[in-house]
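Just the structure for this:
(one chain, ligands or ions: 1)
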Amino acid sequence: MKKYIEEAEKVLMHTYNRYQIVLEKGDGVYLYDLNGKKYLDFAAGIAVFALGYGNPEYKEALKAQIDKLIHTSNLFYNVPAIEAARKLADASGMDRVFFTSSGTEAIEGAIKLARKYYYKKHGTADSKILAMNHSFHGRSIGALSVTGTKKYREPFEPLMGGVLFADFNSLKDVEAHLDNKICAVIMEPIQGEGGLYPATKEFMYGIRKLCDERDILLIFDEIQCGMGRTGEMFAYQKYQVKPDIMTCAKALGCGVPVGAFAAVERVAAAFEPGDHGTTYGGNPLVTAAVSKVFDLFHKEQILARVNETGPYLYKKLEELAAKEEKIIAHRGMGLMQGLEFSYPVNGIIQSAMEKGVILISAGPNVLRFVPPLIIEKAHIDEMTAVLEQCIAEQSLLYT
Ligand SMILES: *Cc1c(COP(=O)(O)O)cnc(C)c1O
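Take a look at the predicted model:
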């Protein structure tokens, strides 16, 4: 592995401090490195591989589509895109879908749609967007502009103008920032990268009400918390608050690069031919994956499983948090949870990896648990046993 890692550090741009392993294959909830070492995966490629690795039906669907047609461009219709859009629309309660090739690109589209809606209504190009502090929406300039974390933004300023930030879970602060130029409020129902902070019920309901009163669009970024992770297909369904525009990616294609933004008809109608486009987006290969993912979610009763394993993980982590005084908070729901420590968690992650468990962080002091959604209780026991050992080792360092 050392040889590859050395080469990688010469040829890849240094935008990540990668863990010092080279992964080669996956099977179910396990990953294997080049030396054949096995890892229990609690990261799922950052909340992507919901169905686990190597699902036979998923692989067959992709292989069959490769043999038929991989790409057409959006100048033509293709059957997988139409079927995938129908399934996403039905699952989300949205009416129209636009497929992209990543999460950040879905955010770009959502911003453009909100601006176009405002432009059509007012005839002026002076709209603003209200986003949340500590949010994360992606790395492209538009998405970065609505990301409320200084370290991601500052080196790349000036960003897109007309963006304001309010405190997450503070209705008062949101209300204080609203005026008649705000075209949309954008937020994650559960902040992921920002440290696993779920919105409160009052916040979700309150924002919906404020937006309704002022004809402001509500955009929910479901890129990480969507696709079953909370035990509902989309996190907003857990709150029973519906957005006007939603974005989705990560687990949408379970590993092929695909995202989407979707909207209710009234809003989607603002887009006309020529307003937005993509060469790859929604190509038959990725949308065949999306379509199969929705079928498999149904067939394998993924939501029911998350509703069993999510609370189980919650209970186990609560027990751990009760025992360890250096764990200062436990947040999240379903299979999207976080433990906040009073010290940086990279030591825990490193030592868990040596013991064959892959964990990731969300900010320096928060361990993030986003396993494949097919995880079983026994895997959760396996992970927490290792985690407990790692914490014991670390507490010798951080006394
Ligand atoms: C990962 C993520 C994004 C960005 O998705 P990419 O596919 O990495 O561009 C946007 N929003 C949220 C909430 C995310 O978790």
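
From A125, how far off is the residue in the chain positioned nearest to the ligand?
When scored by Cβ to the nearest ligand atom, the chain has G103 as its residue closest to the ligand, at 2.2 Å. C-beta coordinates here come from the backbone N, C-alpha and C atoms, glycine included. Shown here: G103 relative to A125, a distance of 26 Å by Cβ to Cβ, to the nearest Å.

Residues of the protein that sit close to the ligand?
Proximity of the chain to the ligand, by Cβ under 6 Å from any ligand atom, involves residues 102-104, 107, 136-138, 188, 192-193, 221, 223-224, 249-250.

Apply 5 Å and report the result again.
S102, G103, T104, H137, G138, E188, G192, D221, I223, Q224, A249 (Cβ under 5 Å from any ligand atom).

T147 is in contact with the fifth one, correct?
This means G138. Yes: the pair G138 and T147 passes the contact test of Cβ atoms under 8 Å, sitting 7.1 Å apart.

Distance of the residue nearest to the residue of the chain closest to the ligand when sequence neighbours are not counted relative to K316?
The spatially closest residue to G103, leaving aside those adjacent along the chain, is A249, at 3.4 Å (Cβ to Cβ, 6 or more residues apart in numbering). In this structure, A249 and K316 are separated by 29 Å, where distance is defined by Cβ to Cβ.

neighbour-wise, which of the two wins?
Counted by other Cβ atoms under 10 Å, A249 and K316 do not tie: A249 has more neighbours, with 28 against 20.

mind checking which helix or strand of this structure has the lowest mean pLDDT?
Between all helices and strands in the chain, the lowest mean by mean pLDDT, DSSP states H and E belongs to helix 150-153, at a mean of 91.

How about the residue nearest the centre of the chain, nearest residue that isn't a chain neighbour?
Most central residue of the chain, judged by C-alpha distance to the mean C-alpha position with Cα atoms, centre = their mean, is Q224 at 1.4 Å. Nearest residue to Q224 in three dimensions, chain neighbours excluded: G192, at 3.8 Å (Cβ to Cβ, 6+ apart).

Would you agree the one you found is in contact with G363?
No: here G192 lies out of contact with G363, judged by Cβ under 8 Å, at a distance of 10.2 Å.

pLDDT value on G195, please?
Here, the pLDDT recorded for G195 equals 96.

That one sits in which helix or strand?
Using DSSP states H and E, G195 sits in no helix or strand.

That one: neighbour count?
20.

List the contacts of it.
Taking Cβ atoms under 8 Å, 6 or more residues apart in numbering, we find G195 in contact with H134, R331, G338, E340, A362, G363, V366.

Could you look up the SS state of the residue lying closest to the fifth one once chain neighbours are set aside?
In other words, A362. Using Cβ to Cβ, 6+ apart and skipping the chain neighbours, the partner closest in space to A362 is R368 (4.1 Å). State at R368, reduced to three classes by DSSP: H, G, I helix; E, B strand; the rest coil: strand.

before we move on, what about E393?
Of the three states, E393 takes helix according to three-state DSSP.
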